[in-house]
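**Student:** no sequence for this one, just the structure:
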């Protein structure tokens, strides 16, 4: 989200929408990912009662042209 839009309540509305959709779909868990360096998103998730649940690891695989 653009810096000038933060604190406008839009993220909270989106979070509420996602939680409601998950509830209506019969889900018992909502999982969201963010980059390890995205501290703004991490702070937002923690503020909205999401908990650290896992670390996600990835590696790019270089492919050679055939």
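**Tutor:** Alright, I've got the coordinates. Here the structure is a predicted model, which is why all the values come from computation and not from measurement.
**Student:** helix, strand, or coil at residue 63?
**Tutor:** Per DSSP: H, G, I helix; E, B strand; the rest coil, the secondary structure class of residue 63 is coil.
**Student:** avg pLDDT for stretch 49-62?
**Tutor:** Over the span of stretch 49-62, the pLDDT mean works out to 91.
**Student:** how long is that stretch end to end?
**Tutor:** Counting by Cα to Cα, to the nearest Å, you get 38 Å between the two ends of stretch 49-62.
**Student:** where exactly do the helices run in this structure?
**Tutor:** Using DSSP state H, the helices assigned to the chain run over residues 10-24, 39-47.
**Student:** would JSON lines of those with distance to residue 62 and mean neighbour count be doable?
**Tutor:** Backbone N, C-alpha and C define where each C-beta goes, glycine included. Putting the helices of the chain into JSON lines (distance: least, Cβ to Cβ, whole Å; neighbours: other Cβ atoms under 10 Å) gives the following:
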{"stretch": "helix 10-24", "distance to residue 62": "35", "mean neighbour count": "12"}
{"stretch": "helix 39-47", "distance to residue 62": "29", "mean neighbour count": "13"}
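**Student:** mind checking the ones you listed for the one nearest to residue 60?
**Tutor:** For those, proximity to residue 60 was assessed by Cβ to Cβ; helix 39-47 is nearest, at 21.8 Å.
**Student:** relative to residue 54, which of the helices of the chain is closest?
**Tutor:** Smallest distance to residue 54 across the helices of the chain (Cβ to Cβ): 13.0 Å, for helix 39-47.
**Student:** what comes into contact with that closest one?
**Tutor:** 6, 11, 32, 34, 35 (Cβ atoms under 8 Å, 6 or more residues apart in numbering).
**Student:** hang on, the earlier thing: mind putting the helices of the chain into TSV with distance to residue 64?
**Tutor:** As requested, those are arranged in TSV below (distance: least, Cβ to Cβ, whole Å):
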stretch	distance to residue 64
helix 10-24	40
helix 39-47	35
